[in-house]
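Visitor: Predicted model and sequence below, questions to follow.
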Amino acid sequence: MSNPAEKPEVVQLPAEPVSAPSASSRRAAAQRVREARDKLTSTSGTRPAFDAEMLRQYAQTRLSASYVVMLLVVATGVLFGLWMQPIPAAAWTTGMLCIHAAMIRSCHRFLAEASSSPAATRAWRTRFVVLDLLYGLCWMAILIHPVLDLVTETLMMFLMLLVIAVSSMLAANLPIAALAATAPVAVAMALNFAVTGALDNYILAALALAAEGYFVLLAHRLHSSTFATLEARAEKDALIGELEQAKAISDEARHRAESANVAKSRFLAQMSHELRTPLNAILGFSEVMKSEIFGAHAVPVYKEYSADIHNSGVHLLNLINEILDLSRIEAGRYELNEEAVSLVGIVADCHHLMKLRASSRGITIHEVFEQAMPRLWADERAIRQVVLNLLSNSIKFTPQAGEIWLKAGWTASGGQYLSVRDSGSGIPEDEIPVVLASFGQGSNSIKSAEQGAGLGLPIAKNLIDLHGGTFTLKSKLRIGTEVIVTFPPERVMSALAPLSEDAPPLQPESSAMPDEKRRPRHKPIMSAGTGS
């Protein structure tokens, strides 16, 4: 009997991590898609909005230079009327003015439209190009008139350059219109010079074509710069829109955060009452059972269980108090009850409270205090809580037979400082921001058997910030940790300035007393032994 074939082993390859595109890449992709869509719907290869804006600037430029063009046409008609019959010159001038009037009227109508669709923009673009073409053909008719043989080539060349320059500048925002207005004039003049067959006229024809190319290039440059300006303005408007949208989103997020903060405060206030009420009963009854007030337990283990229940209740009560303190501080509702306190005295009291706990672990606490230090204007409960938090952390993370140094003294600026340094395992440098954050715990605290909620250091730092002081945490692995707390010189009682207001008088002034009750003060009140 043959053995069944072995089932092939299927190995699943690890999936490649899919990285989310960044905001800049998404913005660039959206811009490329938008540009491609705009080029497909535009006649000039740019955005449709830019086409309408370029036409609008073209119309505004035409309207602003309308009187200059009229003056040029009239002056040219008068000049050529002197060299040929006045009737053809007047007819040419009338035709040019009619074309110019039609162009001005079209510009006014285009600018009067509130909004234009892409189809309407293309229609207006075609109309402007046709009008410019008629404008150029009329100038061509007067410049190559056969009666102008007596006119010198210099005058013709000057007039041609003037017409090309003016037309190129006015139609720079619409390059195809500029080409339609100047190309007939330049080509006709070049052919007019070339048909004579003279070398000088060949040179003038070449100069005419070169001038046309130069002004067309200049118009294209002006169009490019205007387009770049419009594009930069559009990007600026888009950026402003994004900023306003981001601001609206941030404001909405801020309102949500404020609402969540209010809800959190209400929740904590409600839950603190709901938790403390049964917790006080647990602590009270466990204290009675642990102390065996109503008699000894039949089973001795019950006493140990009662002690465990009591210790757990105390721990839970401390945790609730810490969470409430942190929430009040973050909400800005923590009020300082300031009074004159002794920093050295508070540190010594906290050392006395924690000495038994430190002695049980074989930890030695050294005191280095400067003597005759003045009092601080601060909240005694807050400072006591700061010292207890720092000292308990040092005892918690200091190994057996370790050492802790408590220092209090003057700062260089005239303030007072408190330093708590231990010989514990230390904190990695990259974990210092973590342990200073709310509910943050470092790797050492996670590995330690005595884990906390991660609120001691954040509460201490926030309380010191409320006093206007500084909180500095320094630590090195396998060397130890030091926390330095400083209070500003303004809180030292010896540095407080005296009151500038005058004290009220102890008795009313003499002017407020009646005249008949006044008596002279130059005599002593008691005259015993004076002989008077």
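Guide: That came through, no problem.

Visitor: Mean confidence (pLDDT) on the host helix or strand of residue 262, please.
Guide: Using DSSP states H and E, residue 262 maps to helix 199-291. The average pLDDT for helix 199-291 rounds to 82.

Visitor: Show me how far that helix is from its chain's centre.
Guide: Helix 199-291 has its C-alpha centroid displaced from the chain centroid by 8 Å (CA atoms, centre = their mean, to the nearest Å).

Visitor: In terms of secondary structure, what does that helix contact?
Guide: If contacts are counted by 3 or more CB pairs under 8 Å, 6 or more residues apart in numbering; DSSP states H and E, helix 199-291 sits against helix 48-64, helix 153-170, helix 175-194, helix 301-330. For glycine as for every other residue, the C-beta is placed from the backbone atoms N, C-alpha and C.

Visitor: separation between the residue nearest to residue 393 when sequence neighbours are not counted and residue 477?
Guide: Using CB to CB, 6 or more residues apart in numbering and skipping the chain neighbours, the partner closest in space to residue 393 is residue 456 (5.6 Å). In this view, residue 456 and residue 477 are 20 Å apart by CB to CB, to the nearest Å.

Visitor: out of these two, which sits in the more crowded spot?
Guide: residue 456 (19 against 12; other CB atoms under 10 Å).

Visitor: gap between that one and residue 473?
Guide: Residue 456 sits 12 Å away from residue 473, going by CB to CB.

Visitor: quick one on the thing from earlier: wait, the residue nearest to residue 393 touches residue 386, no?
Guide: No: Residue 456 is beyond contact range of residue 386, at 9.3 Å (criterion: CB atoms under 8 Å).

Visitor: possible to save the helices and strands packed on helix 199-291 as a markdown table with distance to residue 110 and mean neighbour count?
Guide: Formatted as a markdown table, the helices and strands packed on helix 199-291 follow (distance: least, CB to CB, whole Å; neighbours: other CB atoms under 10 Å):
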| stretch | distance to residue 110 | mean neighbour count |
| --- | --- | --- |
| helix 48-64 | 5 | 19 |
| helix 153-170 | 15 | 18 |
| helix 175-194 | 13 | 22 |
| helix 301-330 | 60 | 16 |
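
Visitor: So which of the ones you listed is nearest residue 494?
Guide: Checking the helices and strands packed on helix 199-291 against residue 494 by CB to CB gives helix 301-330 as the closest, at 28.9 Å.

Visitor: List the buried residues for the next helix or strand after that closest one?
Guide: For helix 301-330, the following helix or strand on the C-terminal side (DSSP H and E) is strand 338-341. Buried residues in strand 338-341, counted by 16 or more other CB atoms under 10 Å: residue 341.

Visitor: now strand 338-341: mean pLDDT?
Guide: Mean predicted lDDT for strand 338-341 stands at 92.

Visitor: helices or strands up against the helix or strand following that strand?
Guide: Per DSSP H and E, the first helix or strand lying C-terminal to strand 338-341 is helix 343-360. Applying 3+ CB pairs under 8 Å, 6+ apart, one finds that helix 343-360 makes contact with strand 364-369, helix 380-397, strand 403-410, strand 416-422.

Visitor: you'd agree residue 483 is in a helix?
Guide: No: assessed with DSSP: H, G, I helix; E, B strand; the rest coil, residue 483 is strand; it does not lie in a helix.
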